[in-house]
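# Take this sequence and fold it.
(2 chains)
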Protein chains: 2
Amino acid sequence: MSIRTLRSMFIVAASLACLVAAAPAFAADPLPSWNDGASKKAIMAFVAKTTERNSPDFVTPDDRIATFDNDGTLWAEQPMYSQLLFALDRVKVLAPQHPEWKDTEPFASLLKGDVKGALAGGEAAIGKIVMTTHAGMTTEEFDKIVKDWIASARHPVTKRPYTEMVYQPMLELLAYLRANGFKTFIVSGGGVDFMRPWTEKVYGIPPDQVVGSSGKVQFELRDGKPVLVKLPEINFIDDKAGKPVGIHQYIGRRPIAAFGNSDGDQQMLEWTAAGTGARFALIVHHDDAKREWAYDRTSHIGTLDKAWDEAVAKGWTVVSMKDDWKSIYPPERK
Amino acid sequence: MSIRTLRSMFIVAASLACLVAAAPAFAADPLPSWNDGASKKAIMAFVAKTTERNSPDFVTPDDRIATFDNDGTLWAEQPMYSQLLFALDRVKVLAPQHPEWKDTEPFASLLKGDVKGALAGGEAAIGKIVMTTHAGMTTEEFDKIVKDWIASARHPVTKRPYTEMVYQPMLELLAYLRANGFKTFIVSGGGVDFMRPWTEKVYGIPPDQVVGSSGKVQFELRDGKPVLVKLPEINFIDDKAGKPVGIHQYIGRRPIAAFGNSDGDQQMLEWTAAGTGARFALIVHHDDAKREWAYDRTSHIGTLDKAWDEAVAKGWTVVSMKDDWKSIYPPERK
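Predicted structure coming up:
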């Protein structure tokens, strides 16, 4: 064998090896927890047409912005929003420092275990509970409180950690979109300081890609050390018409795909769908009383009424959890 | 040569080729417009110690957050903030629709070419000019107005496009940090809607990584089409103590490196420097009257006084534009 032949062989071998290394992995089903049906087909068709170079609907990676509601879209919101359950737990922890709560609603009812009675005060009662439990500490202190709670608290019905009450098919969808060059954002009515401590670990979504409701914070020097103090004052409510506003203020670009489950997501879906070029709007319909919960038009939590009508009228994708999803939650961690 | 030898050769060749492909490119100077000196050395030492795996100061890529002021840090702010020059140009364009401006300050002076007289009304006058020119249209309309202006306007002194009034050494610094796994953000007192239309192209910083001051926006349906309307109402002022607040609300993580040039950046630098682990705080000092402008303690624009004292006291890096920078602006585009 001549040196020249050897050299040629080297080059061929090297080229082949690099081709193999550069080739995509065997194209396994990217959405294995989704049944083959109209919803899965619509998702995959949208991703294909916006990412294939020669497609007339091709979208440059910079503009591949996808926004997801959290409660009821990425994780369970029944029998109550997890953040409210967190707040109720905090009231119990803080009660010894607040003897006056024994005679003050909504705290008195809560401490007697009467959650329904406490929440009878409606939004004002919820506001009091949230402000009391989400303000008065530094942002770093609150971050630690949330991390400790999320690591130890259990869902009241399933007894699983809240971070396992997430929807396996949606985890796959997030990863699938990211693998196709989409930047994934949360746009939730939930508190941004309540979500950011764990969204990266659970959803692969970093803090700066989480948009949510917030309270005001104030910069202070305490013994010369700068801190940010959480004030009992609303800064922004990221719900309903607030969602497109939040998208503009925090993301600064209109999404080409949006995912929600309730009337609180209607304006985000409208804003997303109304842009030029290929658009995708999806609603998760909770119709699986056996494996999760079944609720829509008349539910107090996650009301799906007007947004459902609009989805049908405009041809948005409506996911049936019962029919479209092979499994709901990820397998339990041992 | 046996088949086995051939196979071994193939494997060796393939491995070598892939090693070569994976090896970093020849390590050219990543900061060619920086003179070798204490500032450049400090930057490179910080990047090395936070990114080398075995360093005791190693920071995981997720936490490599770097924030940059814009006016005076990434681009020139003299003889006046570019956004104010934009607003003055807009007043002229809008004047025919506002005959009443002929007798109303600050517009009357402005339209006579008396900028100094117009701005004599101080913050109230500036507020009127900004609100009139930055509100009353949809976010998409404003986006187009900014894009058109930035594409055609010229700096009053150098006659160069504003997008070329950026600092070449800082462009290199942004790219160098990103090449080392840092996520770069703008945290500016300037308007976020004024910056986002061009920051990606000019700095490589996408809209969702731009934090700035903002007005309120409102979601509306116009003939069934959703729009966001810019209201003449302040939403957030991202300056001074507002900068750490903006970092918390929009980014959700404390930077490990921050870059500014004035007292407006002092709290951002304090907040950044006060975190645990390796930290980097840098101030650009405008001391180059020949190639740029020289101003600091007594300047009305970009006042650098208290932050300078703190930088000296705390050992932050103070960049001398005159001594540390080989060039100020990028070469002119032909």
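# so A:Gly212, which of the three states?
Per DSSP: H, G, I helix; E, B strand; the rest coil, the local secondary structure of A:Gly212 is strand.
# ranges for the strands of chain A?
A:65-68, A:183-191, A:210-222, A:225-236, A:257-260, A:280-285, A:317-320 (DSSP state E).
# among the ones you listed, which is the most enclosed?
When the strands of chain A are scored by mean count of other Cβ atoms under 10 Å in any protein chain shown, the highest mean neighbour count falls to strand A:257-260 (a mean of 29). Every residue, glycine included, has its C-beta placed from N, CA and C.
# what helices or strands is it leaning on?
strand A:65-68, helix A:168-179, helix A:266-273, strand A:280-285 (3 or more Cβ pairs under 8 Å, 6 or more residues apart in numbering or on different chains; DSSP states H and E).
# Next one: A:Phe194 relative to chain B, how far apart?
Going from A:Phe194 to chain B by Cβ to the nearest Cβ, to the nearest Å gives 11 Å.
# Next: A:Phe259.
17 Å.
# And A:Lys116, by the same measure?
With the distance defined as Cβ to the nearest Cβ, A:Lys116 ends up 34 Å from chain B.
# And for that residue, the neighbour number?
By other Cβ atoms under 10 Å in any protein chain shown, the residues close to A:Lys116 number 7.
# Contact partners for the residue lying closest to A:Lys40 once chain neighbours are set aside?
Spatial nearest neighbour of A:Lys40, chain neighbours left out: A:Trp34 (4.2 Å); criterion: Cβ to Cβ, 6 or more residues apart in numbering or on different chains. Listed by Cβ atoms under 8 Å, 6 or more residues apart in numbering or on different chains, the contact set of A:Trp34 reads A:Lys40, A:Ile43, A:Pro169, A:Glu172, A:Leu173, A:Asp324, A:Trp325, A:Lys326.
# quick one on the thing from earlier: which one of the helices and strands packed on strand A:257-260 lies nearest to B:Val312?
Proximity to B:Val312 (Cβ to Cβ) singles out strand A:65-68 among these, at 43.0 Å.
# Tell me which other helices or strands the closest one touches.
helix A:168-179, strand A:183-191, strand A:257-260.
# Note down every partner strand of the shortest one and its orientation.
Take DSSP bridges as the rule and strand A:257-260 pairs in its sheet with strand A:65-68 (parallel), strand A:280-285 (parallel).
# can you give me the angle the longest one makes with helix A:168-179?
Counting by axes from the mean of the first three to the mean of the last three Cα atoms, to 10 degrees, strand A:280-285 points 170 degrees away from the direction of helix A:168-179.
# Other residues contacting strand A:280-285?
Taking Cβ under 8 Å, 6+ apart as the rule, strand A:280-285 contacts A:39, A:42-43, A:46, A:72-73, A:167, A:170, A:256-261, A:265, A:269, A:272-273, A:296, A:304, A:307-308, A:311, A:314, A:316-321.
# would you list every one of the helices in chain A?
Ranges of helices in chain A, per DSSP state H, are A:3-22, A:38-51, A:82-94, A:107-111, A:115-119, A:122-134, A:139-152, A:168-179, A:192-203, A:242-246, A:266-273, A:306-314, A:321-324.
# Same question for the second one: list its buried residues.
Spelled out, it's helix A:38-51. Within helix A:38-51, the residues scored as buried using 16 or more other Cβ atoms under 10 Å in any protein chain shown are A:Ser39, A:Lys40, A:Ala42, A:Ile43, A:Met44, A:Phe46, A:Val47, A:Thr50, A:Thr51.
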